[in-house]
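**Q** pasted the sequence and its predicted model underneath.
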Amino acid sequence: MLSRVAENLYWAARYLERSENTARMINVNANLLLDLPRNVRPGWAPLVDISGNHELFRQQYTDSDERSVLKFMVGDTANPSSILTSLARTRENARTVRDYIPREAWEQINELHFFAKSNLTSVLGQKRRYEYLRGIILGVQQITGLLAGTMSQDEGYQFLRMGRNLERADMTARIIDVRSANLLPDSSPELTPFQNIQWMSVLKSLSGYQMYRRSVQTRIARPEVLRFLFKERLFPRAFYHCVAEVGSCMRSLPRHEAALAHVERLQNIVIESEPENMKQASLHEFIDVLELGLIDINAAISQTYFLAAEAAPPEQKAQQA
């Protein structure tokens, strides 16, 4: 397989996953604001922090109000993590490798991009916002299902899986980092009833609420949620599971030794950790270590399988792991 093809498949999967994650976060945040008291609502600014584009947002917007954040996170083409940008780059990467993916998947990518672009104003108002974001989420899941059900499980598909799971691991770490820092303080007895709602929102941001209840079978609390989202081996969006899936894909590819070493090192860090016992400062430092580990994995994949940096497409060179 050509390195160019492998790289485009890898990034198409990352951008596609990013668009779904962003839509999911916006939906959950909107519902969370309805459930919490007005004086303790986290607002919309945490979504920008999760995306890692706080400085870019400040350059273009003066306030972190609902309308500004939604415009930035959904339709701002200057934001590399916006839904519209992610889907446009998914489409462009898929276009260059149309011979390697099923025609039905390519057509669905086109349709989803058109839907996101033509209905962009829907997200700014509350009346049709849920319908728009749900359309994005279901559209991405349909594409993922089409690829899993109709694409040959060859080397190209492994690069798709690697991109998807690396992006999921990154988003899981970001959501936990920002959301745990913005949760209500444990020392406020009058706010205790709402702490359960906020930790529930963390799980729902990752579609993990029902699987958490099945696996943990206890009330929602910080230690159990952190242990589940970092160390659960069977939940598809748990950090450990995502990294393990990346390693599984690598083992079916040639020359995987150097990249796989980074994956196994990160897996060992998670296994030996106790995130459920960490205070917020320690948790933040721990997540920084995990994020650096993901960057190392991404760099190792690029160095082993993709084009040299100077020959890579500009949109790929600008991306972070």
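**A** Ah, there it is. Note that the coordinates shown come from a computational prediction; the quantities given were computed from them, not determined experimentally. Numbering: from 1, shown residues only.

**Q** low-confidence stretches in the stretch 51-200 of the chain?
**A** 181-195 (pLDDT under 70).

**Q** that one: helices as residue ranges?
**A** For the stretch 51-200 of the chain, the helices defined by DSSP state H, counting those that start in this stretch occupy 54-60, 66-70, 83-95, 103-118, 129-150, 155-181, 192-205.

**Q** do you know which of those helices lies nearest A23?
**A** When the helices of the stretch 51-200 of the chain are compared by CB to CB, helix 129-150 sits nearest A23, at 4.1 Å. For glycine as for every other residue, the C-beta is placed from the backbone atoms N, C-alpha and C.

**Q** helices or strands up against the closest one?
**A** Counting contacts by 3 or more CB pairs under 8 Å, 6 or more residues apart in numbering; DSSP states H and E, helix 129-150 packs against helix 3-35, helix 103-118, helix 155-181.

**Q** and that helix, what's buried?
**A** 129, 132-133, 135-137, 139-140, 143-144, 146-147 (16 or more other CB atoms under 10 Å).

**Q** returning to what we had before: CSV for the helices of the stretch 51-200 of the chain, including distance to W11?
**A** Converted to CSV, the helices of the stretch 51-200 of the chain look like this (distance: least, CB to CB, whole Å):
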stretch, distance to W11
helix 54-60, 20
helix 66-70, 25
helix 83-95, 5
helix 103-118, 13
helix 129-150, 15
helix 155-181, 6
helix 192-205, 23
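
**Q** tell me the contacts of T77?
**A** Applying CB atoms under 8 Å, 6 or more residues apart in numbering to T77 gives the contacts 84-85, 88.

**Q** and which of the residues you listed is nearest to I269?
**A** Of all these, T85 has the smallest distance to I269: 31.3 Å, by CB to CB.

**Q** quick check: the gap between D76 and S82.
**A** Distance, D76 to S82, by CB to CB, to the nearest Å: 5 Å.

**Q** before we move on, the earlier item: can you tell me which of the helices of the stretch 51-200 of the chain is nearest to L260?
**A** Closest approach to L260 among the helices of the stretch 51-200 of the chain (CB to CB): helix 155-181, 11.4 Å.

**Q** and the closest one, what does it pack onto?
**A** If contacts are counted by 3+ CB pairs under 8 Å, 6+ apart, helix 155-181 sits against helix 3-35, helix 45-51, helix 129-150, helix 192-205, helix 222-231, helix 239-251, helix 280-305.

**Q** what's the closest of those to F57?
**A** The nearest among those, by CB to CB, is helix 45-51 at 4.8 Å.

**Q** buried stuff in that closest one?
**A** Neighbour count says helix 45-51 has 45-51 buried, by 16+ other CB under 10 Å.

**Q** repeat for stretch 252-265
**A** By 16+ other CB under 10 Å, the buried positions in stretch 252-265 come out as 253, 256, 259-260, 262-263.

**Q** then stretch 65-80?
**A** For stretch 65-80, a neighbour-count test (16+ other CB under 10 Å) marks 68-76, 79-80 as buried.

**Q** of those, which belong to strands?
**A** The members of these all map outside strands under DSSP state E.
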